[in-house]
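> Give me coordinates for this.
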Amino acid sequence: MCPYYEIKAEYRTIILDNEVKVLYGKKRPIVIGDDKSTKKELLLKFNENYFKKQNLDNSYNEILPKNTEFIYNWQFNLSQGANIFLVKNEKISTKIENLALTISKKLGIRFCSIDIIETVDNNFLIMEANSGVMMDNFIELYPSGYDIAFKIYEEAVLKMFE
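Model prediction:
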């Protein structure tokens with residue numbers, strides 16, 4: 001069993017042969033009221049790709065009071081409404097990359113995705129390492145995501161034949 005950690009942020013790295021090819025953060029689907037917009041409108045602004053496909057009930061037509069936080073989902077899963085953000089803090093990105101590369105080397109895995117959490121007390125911990133690299137949601141949510149994913153998969157396949 002894993003102990004409970006209060007998570008501030010979650011990050012995903014895609015690694016190929018000890019090189020981080022992609023690093024991004026995942027933002028939970030949480031919106032803040034403005035006294036004008038419905039929950040549904042705020043969620044659509046947060047992640048239109050996901051929420052336009054959801055069949056939200058009438059409770060989402062309620063106007064959210066100013067500064068009121070609405071948590072749609074506690075998870076950071078892109079398939080559950082979370083969204084992507086770029087990691088702009090170089091100190092954090094370096095820490096995440098080093099941790100992910102250490103794990104991929106220890107596991108002896110050439111191509112993988114490694115998810116890392118940042119706890120509210122600023123600790124960085126490995127959440128999971130996946131040998132199946134899926135970038136479907138990245139492609140859908142990130143501008144030029146298709147091109148980035150295509151290049152990574154192409155490189156991975158070509159390396160298999162070296």
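> Quick check: the residue lying closest to residue 122 once chain neighbours are set aside vs residue 68, distance?
Take residue 122 and drop its neighbours on the chain: the residue closest to it by Cβ to Cβ, 6 or more residues apart in numbering is residue 8, 7.7 Å away. No exception for glycine: its C-beta is placed from N, CA and C like everyone else's. Remark: distance between residue 8 and residue 68 (Cβ to Cβ, to the nearest Å) = 21 Å.
> mind listing what residue 145 touches?
Taking Cβ atoms under 8 Å, 6 or more residues apart in numbering, we find residue 145 in contact with 135, 138-139.
> dump the residue contacts of the residue positioned nearest the centre of the chain.
Centroid-nearest residue in the chain, with Cα atoms, centre = their mean: residue 26, separated by 2.8 Å. Applying Cβ under 8 Å, 6+ apart to residue 26 gives the contacts 9-12, 76-78, 82-85.
> now, which of the residues you listed lie within helices?
Among the contacts of residue 26, DSSP state H puts none in helices.
> Closest one to residue 154 out of those, please.
Within those, proximity to residue 154 (Cβ to Cβ) peaks at residue 12, which comes in at 19.7 Å.
> what's the closest non-adjacent residue to that closest one?
Spatial nearest neighbour of residue 12, chain neighbours left out: residue 115 (5.4 Å); criterion: Cβ to Cβ, 6+ apart.
> Over to residue 71?
Leaving aside its chain neighbours, residue 71 sits nearest to residue 30 (5.0 Å; criterion: Cβ to Cβ, 6+ apart).
> thinking the one you found is in contact with residue 72, fair?
Yes: Residue 30 is within contact range of residue 72, at 6.9 Å (criterion: Cβ atoms under 8 Å).
> Between those two, point out the one with more neighbours.
Neighbour tally, residue 30 and residue 72, criterion other Cβ atoms under 10 Å: the higher count belongs to residue 72, 22 against 16.
> Show me the protein divided up by domain.
Annotated domains of the chain cover 7-28+82-160, 30-72 [automatic domain parsing].
> First-to-last residue distance for the last one?
Looking at domain 30-72, the gap from its leading to its trailing residue is 6 Å under the measure Cα to Cα, to the nearest Å.
> now swap in stretch 138-153 and tell me
The first and last residues of stretch 138-153 sit 13 Å apart, counting by Cα to Cα.
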